[in-house]
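*Asks:* Just the structure for this:
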Amino acid sequence: MSEPNDQVVSLQKQLNAEKQRSEDYLTRLKYMQADFENLKKRIDRQIEDVRTYCTERIILQLLDVVDELELAVKTGETSKESEALLEGVKMTLKKLRKVLEQEGVSPIECKGKTFDPTKHNAVETVEKEGLHKCIVGEEVRKGYIMKNRVIRPSIVKVEVPPSQASESQTQKEEKKEEEKKQNE
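*Replies:* Numbers count the residues shown, from 1 in each chain. Below is the predicted model of the structure:
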């Protein structure tokens, strides 16, 4: 009879050991969960700081450009010579382009190039004889690429080859005009 009692005592000890181990695991899990929540909050704060201050470096460089523009305006107001003002504005523009270049921003070269809808927005098309593909004829507003990504497409006027569709459209319009004249 002592055997079943010994078994019960042994099983009771094992059960208590497992209960203790599961409580330890639960305690560790709670600590790990709290650590994870704290880490998440800290990372969220760091991300917010980065968002808030990520443009600080470029803003400081642009403030130098603003200072130069203000000086150019002041010079223009006190000087009768527009040459000095023009020279100041040119220097400022050069400095601004340098700041943009340092940030990986470059203008899109488009005049005379093949029209690319990923880099250009066409505002007008002009048919031109002798063309086999669409070519950018005039740049209305300069576009820019930042580190291989278009951040502002160029607004352009596109020269296109004459098309059958446009000729047939012209013929349709002429027929409508003739019909109107005949009906009158």
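*Asks:* which SSE is the most centrally placed residue in the chain in?
*Replies:* With distances taken as C-alpha atoms, centre = their mean, the residue of the chain nearest its centroid is Ile151 (4.8 Å). If you go by DSSP states H and E, Ile151 is part of strand 149-152.
*Asks:* The helix or strand that that strand is followed by packs against which elements?
*Replies:* Where DSSP H and E defines the elements, the next helix or strand beyond strand 149-152 is strand 154-160. On a contact count with 3 or more C-beta pairs under 8 Å, 6 or more residues apart in numbering; DSSP states H and E, strand 154-160 meets strand 120-127, strand 135-141. Heads up, the C-betas are built off the backbone N, CA and C, glycines and all.
*Asks:* average pLDDT across the host helix or strand of Ala34?
*Replies:* Using DSSP H and E, Ala34 maps to helix 2-53. Mean per-residue pLDDT for helix 2-53: 92.
*Asks:* Burial check on Glu103, number of neighbours?
*Replies:* Other residues within reach of Glu103, judged by other C-beta atoms under 10 Å, total 14.
*Asks:* To clarify, my last question referred to Ile108.
*Replies:* Close neighbours of Ile108, defined as other C-beta under 10 Å, add up to 20.
*Asks:* who touches it in this structure?
*Replies:* Applying C-beta atoms under 8 Å, 6 or more residues apart in numbering to Ile108 gives the contacts Lys119, His120, Lys142, Gly143, Tyr144, Ile145, Val150, Pro153, Ser154.
*Asks:* And the pLDDT at the last one?
*Replies:* The pLDDT attached to Ser154 in the predicted structure is 92.
*Asks:* Over to the second one?
*Replies:* According to the per-residue confidence, His120 scores 92 in pLDDT.
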